[in-house]
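Undergrad: Let's see this in three dimensions:
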Amino acid sequence: MTQSVSNKGEALPRPLSTRGRIDPFIVMDVMRAANEREARGANIIHMEVGQPGTPAPARVIEAARKALASSKLGYTEALGLPELRARIAQHYNTRYGLSVAPERVVVTSGSSAAFLLAFLAILDVGARVAVPSPGYPCYRHILSALGAQAVTLETGASSRWMPVPDALAKLNRGGALDALLLASPANPTGTMLTGNALGELARACERLKLWFISDEIYHGLDYEEPAQTALAHSASAIVINSFSKYFSMTGWRIGWMVVPDALVRTIERLAQNLYICAPALSQYAAIAAFGATDELEANKALYRANRDLLLNELPKAGFTDILPADGAFYLYADVRHLTNDSAGFAKRMLAETGVAATPGVDFDAGRGSHYVRFCYAGTPERMAEAARRLQAWPA
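TA: Numbering: from 1, shown residues only. Okay, the predicted model is just below:
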């Protein structure tokens, strides 16, 4: 007879760690609810999770097949395959005209691991990090789990929802900061720093003696002008990127970071102990991603067409106030004329239309109840269908 084992309702031997008392990543909760409805037969349009609707490039898939057939796929060096690190360094010369030593490149298990490594390398318990709001919620949650504090750096329409040096300096006067973390293009707004804005923030960090962490995972997905890398403005910047967005390799869990020389060995020791190395198969496949430009640019053209379609059609559904969409694949809509409860609004929208979107409270605790984020990385047919459903919905 098989014995059933369950610990439901049983007392645990000791209290749980306070490090685990972090807020949920709400978009993943929305995705679970959408998937549950889909499993029951509902026709769901996924606009909640920020991932490409396109598959990995054909070259990547073929490289993975070859690696499976010819490599033992054992551990790699903690910093990553030398061939991949060299190819990433070459990417900075090709795209940005910058010379980056391969030795400064660290391959990671997605950008999430890169943030963890960066925070552990430069921040002690109690450190204060300026994080723009609205912004990617996992910044705050990871910092909290590590005993650091995410300090809200408010943004607004006057700066296209991006941080500015004066606001950073004012925040620092209110309590000494240790770092600034920002993304451009940004999640959830899709806006980005243009002109001299990135350089001005980099110089502000130097004056204030702050670490500058630049999240560049949406680079390549820029529609009006090319995104700038912080490496062009700061020798001490920590740059984090990923193969998940532009390169359409979300589930492969492969990313990278570029760090100052003085940080490389610290990062290496942390990686060795925390996860040994990034997945070998994904590393071999990622090398091929840089040769897939034609396919990736075609994906980008699709996203741009989706953006333009929704910018034209969503206002007809009542979403009349949408932030400028410079890059990434998000539209952040002000829905205060429709609701004061974006979480309830998104839940009702999923139930009544089958369109899954993310409430703004995931990105902005203060103002997020008035916003909803739509990801437009799906197929053009599904984006057009989402617009039709929302136009017919009496929100």
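
Undergrad: how many other residues sit next to Arg104?
TA: 21 (other Cβ atoms under 10 Å). For glycine as for every other residue, the C-beta is placed from the backbone atoms N, C-alpha and C.

Undergrad: Likewise for the one 4 residues further on?
TA: The local packing count at Thr108 equals 28, with neighbours defined by other Cβ under 10 Å.

Undergrad: Next up, the contacts around it.
TA: 80, 114, 117, 254-257, 271, 278 (Cβ atoms under 8 Å, 6 or more residues apart in numbering).

Undergrad: Mind checking which of those residues land in helices?
TA: 114, 117, 271 (DSSP state H).

Undergrad: Turn those into TSV, columns for neighbour count and pLDDT.
TA: Below are the ones in helices among the contacts of Thr108 laid out as TSV (neighbours: other Cβ atoms under 10 Å; pLDDT from 0 to 100):
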residue	neighbour count	pLDDT
Ala114	29	98
Leu117	25	98
Ala271	25	97
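
Undergrad: residues in contact with stretch 314-321?
TA: 322, 331, 333-335, 337-338, 372, 374, 387, 390-391, 393, 395.

Undergrad: Repeat that for stretch 256-274.
TA: Contacts of stretch 256-274 (Cβ under 8 Å, 6+ apart): 78-80, 85, 88, 92, 100-101, 103-108, 113-114, 116-118, 120-122, 231, 235-242, 277.

Undergrad: buried stuff in that stretch?
TA: By neighbour count on 16 or more other Cβ atoms under 10 Å, the buried set for stretch 256-274 is 256-259, 263-264, 267-268, 270-271.

Undergrad: where does the stretch 1-150 of the chain dip in pLDDT?
TA: Applying pLDDT under 70 to the stretch 1-150 of the chain flags the ranges 1-9.

Undergrad: So which residues of it form strands?
TA: Taking DSSP state E, counting those that start in this stretch as the test, the strands found in the stretch 1-150 of the chain are 45-46, 105-108, 128-133, 149-154.

Undergrad: For Tyr303, which of these is the nearest?
TA: strand 45-46 (14.6 Å; Cβ to Cβ).

Undergrad: tell me the mean pLDDT over the longest helix seen in the chain?
TA: What stands out as the longest helix in the chain, according to DSSP H, is helix 293-313. For helix 293-313, mean pLDDT is 97.

Undergrad: After that helix, which helix or strand is next?
TA: As assigned by DSSP states H and E, the chain's next helix or strand after helix 293-313 is strand 321-322.

Undergrad: Following the chain onward from that following strand, which element is next?
TA: strand 330-334.

Undergrad: about what we covered before: could the contacts of stretch 314-321 be laid out in a markdown table, adding distance to Asp215?
TA: Output for the contacts of stretch 314-321, formatted as a markdown table (distance: Cβ to Cβ, whole Å):
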| residue | distance to Asp215 |
| --- | --- |
| Ile322 | 22 |
| Leu331 | 19 |
| Ala333 | 22 |
| Asp334 | 24 |
| Val335 | 26 |
| His337 | 31 |
| Leu338 | 30 |
| Val372 | 22 |
| Phe374 | 21 |
| Ala387 | 30 |
| Leu390 | 30 |
| Gln391 | 34 |
| Trp393 | 34 |
| Ala395 | 32 |
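
Undergrad: circling back to that earlier point, TSV for the strands of the stretch 1-150 of the chain, including distance to Lys66?
TA: As requested, the strands of the stretch 1-150 of the chain are exported to TSV (distance: least, Cβ to Cβ, whole Å):
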stretch	distance to Lys66
strand 45-46	31
strand 105-108	19
strand 128-133	41
strand 149-154	42
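
Undergrad: Point out the most buried one among those.
TA: Each of these was assessed for mean neighbour count using mean count of other Cβ atoms under 10 Å. The highest is strand 105-108, with a mean of 27.

Undergrad: Give me the distance from that strand to the chain's centre.
TA: Computed by Cα atoms, centre = their mean, to the nearest Å, the chain-centroid distance of strand 105-108 equals 17 Å.

Undergrad: For it, output the C-alpha coordinates as PDB.
TA: Listed in PDB are the C-alpha atoms of strand 105-108, where the atom choice follows Å, rounded to 0.1, in the frame of the first residue of the first chain:
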ATOM      1  CA  VAL A 105      31.900  40.100 -19.600                       C
ATOM      2  CA  VAL A 106      30.100  37.700 -17.200                       C
ATOM      3  CA  VAL A 107      27.600  35.200 -18.600                       C
ATOM      4  CA  THR A 108      24.600  34.600 -16.300                       C
END
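
Undergrad: which residues touch Arg40?
TA: So Arg40 contacts nothing (Cβ under 8 Å, 6+ apart).

Undergrad: Arg203 is in contact with His233, isn't it?
TA: Yes - with contacts counted by Cβ atoms under 8 Å, Arg203 reaches His233, the gap being 7.4 Å.

Undergrad: the more surrounded of these two?
TA: His233 (19 against 15).

Undergrad: Provide a list of residues in contact with that one.
TA: 198-199, 202-203.

Undergrad: which of those tops the neighbour count?
TA: Leu198 (24 neighbours).

Undergrad: That one: helix or strand, and which one exactly?
TA: Assigned by DSSP H and E, Leu198 falls in helix 197-208.

Undergrad: for that helix, what is the average pLDDT?
TA: Helix 197-208 comes out at a mean pLDDT of 97.
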